[in-house]
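Visitor: The following comprises the amino acid sequence and a computationally predicted model.
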Amino acid sequence: MKAVSTIEGRAIPLGLKNIDTDVIIPAHWLKTVSREGLGAGAFETIRAAPGNPFDVEDFANAPILIAGDNFGCGSSREHAAWAMLDMGLTAVIAPSFSDIFAGNAFKNGILAVELPQDQVDRLLEVAKDQPITIDLENQVVTTPFQDRFEFQIDPFRKRCLLEGLDEIGLTLASESAIAAHEIMRRGTTPWLDKTNRRRSA
């Protein structure tokens, strides 16, 4: 997983409430187990409407999405996070998130920033023509107009995002401790080792 520290750039001012995972990536795109190519189907129904923010040239390759309340509700499909990553999004700012979506986003390296509605409204206004910066280390969102909005994040999730540690990475980080435990276990409870049982038989 790619480490996340500072995310800076244009932010797509979507602002819509209750964007569910079927809107993020429609069900007919779920026939693949690959993470690649799903960006083409991300927000398909919204992008089909004339004048939608995804088609604005200034927001091409924007790394941030600003959404409304209850973002990511609906089904638990992890493809929603995959599709957002595939289209280049690495952060979402909203007043609230579905718990399952927030978990999937975190596990895939997407930073979910929760801010009060009035602060999100301000960012939606700024995002129309100015970049936004998210500083994960200091847990703050800033704008060129000196806006400074602090956000909270679980310390464990923060560490994993900053260090780029997914579940496999976390396990590998404890490789030496796991190896030491295996050596100790073989000495104290050898009957649990299948190899030793076969040899003694």
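Guide: Thanks, I have it. Just so it is clear, the model here is predicted, and its values are computed rather than measured.
Visitor: For the protein, which segments count as helices?
Guide: Here the chain has its helices, by DSSP state H, at 21-24, 44-47, 79-86, 99-107, 117-126, 155-163, 167-173, 175-188, 194-200.
Visitor: What residues of the fourth one count as buried?
Guide: Residues of helix 99-107 classed as buried under the neighbour-count rule (16 or more other CB atoms under 10 Å) are Ile100, Phe101, Ala102, Gly103, Asn104, Ala105, Phe106. (Each C-beta comes from the backbone N, C-alpha and C, glycine too.)
Visitor: closest to Ile132 among those residues?
Guide: Ala105 (17.8 Å; CB to CB).
Visitor: Show me where the chain dips below the pLDDT cut-off.
Guide: Residues of the chain that meet the criterion pLDDT under 70 lie in 167-174, 194-201.
Visitor: hmm, try it at 80
Guide: Within the chain, the ranges that satisfy pLDDT under 80 run 32-34, 166-187, 191-201.
Visitor: Spatially central, which residue of it would that be?
Guide: Computing the C-alpha centroid of the chain and ranking residues by CA atoms, centre = their mean puts Ile110 first, at 1.9 Å.
Visitor: How is this protein partitioned into domains?
Guide: 6-165, 166-201 (automatic domain parsing).
Visitor: Can you tell me which of those is packed in deepest?
Guide: Stretch with highest mean neighbour count among these: domain 6-165 (a mean of 18; mean count of other CB atoms under 10 Å).
Visitor: how far does it sit from the chain's center?
Guide: 8 Å (CA atoms, centre = their mean, to the nearest Å).
Visitor: Please apply the same query to stretch 183-196.
Guide: Centroid separation for stretch 183-196 versus its chain: 40 Å, with CA atoms, centre = their mean.
Visitor: what's the spacing between Pro131 and Ala3?
Guide: 21 Å (CB to CB, to the nearest Å).
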